[in-house]
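J.: dropping a prediction and its sequence here:
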Amino acid sequence: MSAPALNPVLQQQAHTLYSDHHGWLFGWLRKKMGCTHQAADLAHDAFLQILGRPEALADVREPRAYLTTIARRLVFESWRRRDLEQAYLAELAALPEDVAPSPEDQALVLETLLAIDRLLDGLSVKARSAFLMSQLDGMTYSEIAAELNVSASRVRQYMAQALSCCYAAALPA
């Protein structure tokens with residue numbers, strides 16, 4: 001991801017924010033993650049996000065609070081990614097070797113799973129579960145309702161929420 005060209009004032013603000021706070025953010029992330037490499041990657045990603053929204057630079061009054069908010073979100077995303085990847089790898093390990101997908105297919109499936117996870121991020125756990133049970137397991141709304149201990153009409157509401165997320169993601173930006 002490359003940063004858009006900034007006007008000279010925003011470019012100076014970005015440079016100042018980076019030079020004044022990168023070391024601090026890196027240290028904060030290193031403590032949080034316990035890994036220098038992950039901390040460096042996340043600090044880099046945090047500043048890329050800031051550069052992706054240059055209009056927000058002018059409004060930053062508390063740079064460390066702003067950076068902490070962005071960094072926390074990135075930490076949680078990395079943890080979710082790790083958990084999802086570990087769950088996928090555990091499922092793969094349970095497969096007989098002759099039916100296991102190729103490494104390329106594994107990478108594609110993992111990226112697809114991560115994209116679906118990001119897509120459904122705003123949903124409640126039950127709504128996300130209902131959508132996945134319907135789409136991946138082929139369960140009926142009544143079966144999902146019994147599994148989640150909710151009514152079938154509630155499952156319909158969950159599905160409408162999930163499908164709205166899918167529809168919104170499919171719209172051109």
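T.: Arrived safely.

J.: can we go C-alpha only for contacts and neighbour counts from here?
T.: OK.

J.: what's downstream of the one helix or strand residue 48 maps to, the next helix or strand?
T.: Residue 48 is located in helix 36-52, with elements delineated by DSSP states H and E. Beyond helix 36-52 on the C-terminal side, the first helix or strand identified by DSSP H and E is helix 54-57.

J.: what residues of stretch 165-173 count as buried?
T.: The neighbour-count check on stretch 165-173 (16 or more other Cα atoms under 10 Å) flags residue 165 as buried.

J.: buried residues, the helix holding residue 48. List them.
T.: 38-40, 42-47, 50-52.

J.: chain center to that helix: distance?
T.: Relative to the chain's own centre, helix 36-52 is displaced by 14 Å; criterion: Cα atoms, centre = their mean, to the nearest Å.

J.: from the contact counts, what lies against it?
T.: Contacts defined by 3 or more Cα pairs under 8 Å, 6 or more residues apart in numbering; DSSP states H and E place helix 36-52 against helix 8-33, helix 63-94.

J.: quick one: closest of those to residue 157.
T.: Closest of those to residue 157 is helix 63-94, at 25.3 Å (criterion: Cα to Cα).

J.: so which elements touch the closest one?
T.: Counting by 3+ Cα pairs under 8 Å, 6+ apart, helix 63-94 packs on helix 8-33, helix 36-52, helix 103-119.

J.: could you identify which of those helices is most buried?
T.: Sort these by mean neighbour count, taking mean count of other Cα atoms under 10 Å, and helix 36-52 sits at the top with a mean of 18.
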